[in-house]
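> Could you work out the structure for the sequence below:
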Amino acid sequence: MATQLQKRTLIELIPLIEQMASGITEDLHMVPAALALVFVEGDRIDDARRQLNEYVGTSFEFVVDPSWIIGMCGFAEGAVVVGDPTYAAPC
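All right, here's what the predicted structure looks like:
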């Protein structure tokens, strides 16, 4: 994913990430966060907004584990590009 991020071709990973997301049964927030990031990188702002809307009710509070920072960065970049303060305001 890092290579695609540098090459600005993250949009190509959407089918792979969606396939990963459909197979995950536990609460693994970094996959939806990756989708939010990929959607904004691919100018699919409405899709990114839908992804953020699914998690705004949780206040983006996730278990702090090794994947936590990856998830938070993906959601944060999505929120910045979407430009809606709802996703940045304290709850």
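
> Return the set of buried residues in the biggest helix by length in the chain.
Across the chain, the longest stretch assigned as helix under DSSP state H is helix 68-82. Applying a neighbour-count criterion of 16 or more other CB atoms under 10 Å, the buried positions in helix 68-82 are 70-72, 74-79, 81-82. In this view, the C-beta of every residue, glycine as well, is placed from N, C-alpha and C.

> what stretches of this protein score poorly on pLDDT?
Filtered on pLDDT under 70, the chain yields the residue ranges 1-10, 21, 24-27, 89-91.

> And the helices in it, which stretches?
Here the chain has its helices, by DSSP H, at 2-7, 14-23, 30-41, 45-56, 68-82.

> among those helices, which is nearest residue 62?
If you check each of the helices of the chain against residue 62 by CB to CB, helix 68-82 wins as the nearest, at 5.9 Å.

> Just the CA trace of stretch 34-46, in CSV.
Output of stretch 34-46 as CSV, limited to C-alpha atoms (Å, rounded to 0.1, in the frame of the first residue of the first chain):
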residue,chain,number,x,y,z
ALA,A,34,-7.7,2.4,4.7
LEU,A,35,-10.8,2.6,2.5
ALA,A,36,-11.4,6.2,3.7
LEU,A,37,-7.9,7.1,2.7
VAL,A,38,-8.1,5.3,-0.6
PHE,A,39,-11.4,7.0,-1.5
VAL,A,40,-10.1,10.5,-0.8
GLU,A,41,-6.9,9.8,-2.8
GLY,A,42,-9.1,8.7,-5.7
ASP,A,43,-11.4,11.7,-5.4
ARG,A,44,-14.3,9.6,-4.3
ILE,A,45,-15.3,12.1,-1.5
ASP,A,46,-18.8,10.8,-1.1
